[in-house]
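J.: My questions are about this predicted structure, shown below with the sequence.
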Amino acid sequence: MAVQVETVNDTIKMVRVDGRLDQTQNAELEQTLSSLLEGGSRQLLVDLSRTIYINSGGLRCLVTAWRKARQQKGNLVLSGLNERLQEVFAMVGFENVIQICPTPVEAIVAHEES
């Protein structure tokens, strides 16, 4: 898995996750999201369009970052979930908690409207 951070604009940081998001890779994403939030970034977009698998630890990592962003009056929006990831999020009910957009562009618009 690879985690890349891009600056979208003055307020939004996009984190792209490639590969499998599992117990061997969750720490890198958790560290990245925590660093961004601790560094003052409150509007995060996590692009999962290149993510092929997520386990419970990956879900926990995303929900933890979402909670921290919300505590800071920010938000975390997900984009690009493939069919399998959509099923996982639906199965655990997270699609009702975290905003999920089909594409990064739609997630950016959602951030700008919030």
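T.: Everything's here; your move. Numbers count the residues shown, from 1 in each chain.

J.: all contacts plus neighbour counts: C-alpha atoms, from now on.
T.: Fine.

J.: With just CA atoms, put the top helix by length along the chain into CSV.
T.: When the chain is parsed with DSSP state H, its longest helix is helix 56-71. In CSV, the C-alpha atoms belonging to helix 56-71 read as follows (Å, rounded to 0.1, in the frame of the first residue of the first chain):
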residue,chain,number,x,y,z
SER,A,56,-11.7,-3.7,10.4
GLY,A,57,-8.5,-1.9,11.3
GLY,A,58,-8.7,0.2,8.2
LEU,A,59,-12.3,1.1,9.0
ARG,A,60,-11.3,2.0,12.5
CYS,A,61,-8.6,4.2,11.2
LEU,A,62,-10.9,6.1,8.9
VAL,A,63,-13.7,6.5,11.6
THR,A,64,-11.1,7.7,14.1
ALA,A,65,-9.8,10.4,11.7
TRP,A,66,-13.4,11.4,10.8
ARG,A,67,-14.2,11.8,14.5
LYS,A,68,-11.1,13.9,15.1
ALA,A,69,-11.9,16.1,12.1
ARG,A,70,-15.4,16.6,13.3
GLN,A,71,-14.1,17.6,16.8
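
J.: and the residue nearest the centre of the chain, what element?
T.: What sits nearest the mean C-alpha location of the chain, by Cα atoms, centre = their mean, is residue 46, with 3.1 Å. Following DSSP states H and E, one finds residue 46 within strand 43-54.

J.: Check the gap between the closest residue to residue 5 other than its chain neighbours and residue 50 for me.
T.: Nearest residue to residue 5, sequence neighbours excluded (Cα to Cα, 6 or more residues apart in numbering): residue 15, at 4.6 Å. Separation of residue 15 from residue 50 (Cα to Cα, to the nearest Å): 11 Å.

J.: more crowded one of the two?
T.: A count of neighbours by other Cα atoms under 10 Å puts residue 15 above the other of residue 15 and residue 50, at 22 against 16.
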